[in-house]
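Trainee: Sequence and predicted structure below; questions after.
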Amino acid sequence: MLVSIYRYNPEKDDAPYMQDYEIELPAGKDLMVLDVLNLLKAQDPSISYRRSCREGVCGSDGMNMSGKNGLACITTVSEAAKNGKLILRPLPGLPVVRDLVVDMGQFYKQYEKIRPYLLNDTPAPAIERLQSPEEREKLDGLYECILCACCSTACPSFWWNPDKFIGPSGLLQAYRFLADSRDTATQERLSDLDDPFSVFRCHGIMNCVNVCPKGLNPTKAIGNIRTMLLQRAT
Amino acid sequence: MVTQITSFGRSGLYDWMMQRVSAVVLSLYTVFIIGYLLVNPELTYEQWSALFEATWMRVFSLMVLLSIGMHSWIGLWSISTDYIKATGARFFFQSLCGFVMFVYVVWGVQVLWGL
């Protein structure tokens, strides 16, 4: 199998380039893309990429595989390869540190902006803040996000305005806290989002939904935030 | 919170709502005009001018004209903030769009009322 990998080492290279590798894959087995990378790393130790849990939980190995973002550890070669060729690039839109490793600073900054923690100004109860099963159910499809950045880096609005648009991942998390019955800062959170960029730069093209390795739906969450803003203002 | 002073209503929510409301007006008008042309295949000048003589049609058309102005302002503003990174060029483009839309509205009023 032919594997083409984006290579860039700022200490040595003037510009990024694609390097082709030929690799013999074991017959009768559909390897994950991360396995292929590990095999290639044994061949050429200079290839850099992030990985940790190797089972789609940590979100470290988000990358662009033959044009589609995803986690290398849970994407099979047969899914990712096109015409017998596997093309691996770093997540688009973020500065490349080296090869497939990107600087996630801008992504985390947007995440930080939405204050991803419970805000509650009522006195803390003796044991815990209880939720009914129905209230808890509202967080399903929101809390599972692992911050792999596949969605935000597949979003053209995030590419053009990464400093102003929160991005699908951040907005999914924003709605996770807006929907939480234990959070009392709903109005402040909504006020922070009510500008032409933070939420409304989303044009609903659903690239985020298409790539999310956890099968989440940021576009729906963004729609819910819009509805909350609209209900508050009409 | 991102501060913006060149967007249509200076609020993302307001712009978003106006974009949708104007889209509904524009589609209704499009459907109406296409329907009218289909129902009247042998359209004469008299019929056409009588249609635009009616006050309700002028109200409808003026609403459409204002909707075009709003809709395109919000859309082009979005595009300019995405793609034109130099502040001077962006401001020039946005001002030009505003000017063109204003001209269209005034010109459209003249046409509608036969001034």
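Mentor: Received the coordinates, thanks. Numbers count the residues shown, from 1 in each chain, chains lettered A, B, ... in the order given.

Trainee: middle-most residue in chain A, spatially?
Mentor: Closest residue to the average C-alpha location of chain A: A:Ala149 at 2.0 Å, with C-alpha atoms, centre = their mean.

Trainee: Same question for chain B.
Mentor: Note: chain B centre (C-alpha atoms, centre = their mean) maps to B:Ile68, 0.9 Å.

Trainee: and the residue nearest to the centre of chain A, helix, strand or coil?
Mentor: Put simply, A:Ala149 is coil when judged by DSSP: H, G, I helix; E, B strand; the rest coil.

Trainee: which residue sits closest to A:Trp160, ignoring its sequence neighbours?
Mentor: Setting aside the residues directly before and after it, A:Trp160 is nearest to B:Asp82 in space (C-beta to C-beta, 6 or more residues apart in numbering or on different chains), at 4.2 Å. Where C-beta positions appear, they are placed from N, C-alpha and C, glycine not excepted.

Trainee: State the distance from the one you found to A:Ser169.
Mentor: Distance, B:Asp82 to A:Ser169, by C-beta to C-beta, to the nearest Å: 19 Å.

Trainee: When those two are compared, which one has more neighbours?
Mentor: Shown here are B:Asp82 and A:Ser169; by other C-beta atoms under 10 Å in any protein chain shown, A:Ser169 has more neighbours (28 against 16).

Trainee: Would the helix or strand where the more buried one lies count as contacting chain B?
Mentor: If you go by DSSP states H and E, A:Ser169 is part of helix A:167-178. No: taking C-beta under 8 Å from any C-beta of the partner chain as the criterion, helix A:167-178 and chain B are apart, separated by no less than 12.4 Å.

Trainee: and that helix, what does it pack onto?
Mentor: Here helix A:167-178 touches helix A:105-113, helix A:156-160, helix A:186-193, helix A:218-233, going by 3 or more C-beta pairs under 8 Å, 6 or more residues apart in numbering or on different chains; DSSP states H and E.

Trainee: Comparing the ones you listed, which stretch has the densest surroundings?
Mentor: helix A:156-160 (a mean of 20; mean count of other C-beta atoms under 10 Å in any protein chain shown).

Trainee: quick one: buried residues of stretch B:6-20?
Mentor: By 16 or more other C-beta atoms under 10 Å in any protein chain shown, the buried positions in stretch B:6-20 come out as B:7-8, B:11-19.

Trainee: For chain A, tell me which of the residues you listed show up nearby.
Mentor: B:7, B:11-13, B:15-17.

Trainee: Tell me which entries of these lie within helices.
Mentor: B:12-13, B:15-17 (DSSP state H).

Trainee: just those residues now: which is nearest chain A?
Mentor: Checking these against chain A with C-beta to the nearest C-beta, the nearest one is B:Gly12 at 3.5 Å.

Trainee: re the thing from before, tell me which element the residue nearest to the centre of chain B falls in.
Mentor: Going by DSSP H and E, B:Ile68 is part of helix B:55-83.

Trainee: Export only the CA atoms of the helix holding A:Ser169, formatted as PDB.
Mentor: Taking Å, rounded to 0.1, in the frame of the first residue of the first chain, the C-alpha atoms of helix A:167-178 are listed here in PDB:
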ATOM      1  CA  GLY A 167     -16.300  26.600  16.600                       C
ATOM      2  CA  PRO A 168     -18.500  23.500  16.700                       C
ATOM      3  CA  SER A 169     -16.600  21.800  19.500                       C
ATOM      4  CA  GLY A 170     -16.700  24.800  21.800                       C
ATOM      5  CA  LEU A 171     -20.300  25.500  21.000                       C
ATOM      6  CA  LEU A 172     -21.300  21.900  21.700                       C
ATOM      7  CA  GLN A 173     -19.700  22.300  25.100                       C
ATOM      8  CA  ALA A 174     -21.300  25.700  25.600                       C
ATOM      9  CA  TYR A 175     -24.700  24.100  25.100                       C
ATOM     10  CA  ARG A 176     -23.700  21.300  27.400                       C
ATOM     11  CA  PHE A 177     -23.500  23.900  30.200                       C
ATOM     12  CA  LEU A 178     -26.500  25.900  29.000                       C
END
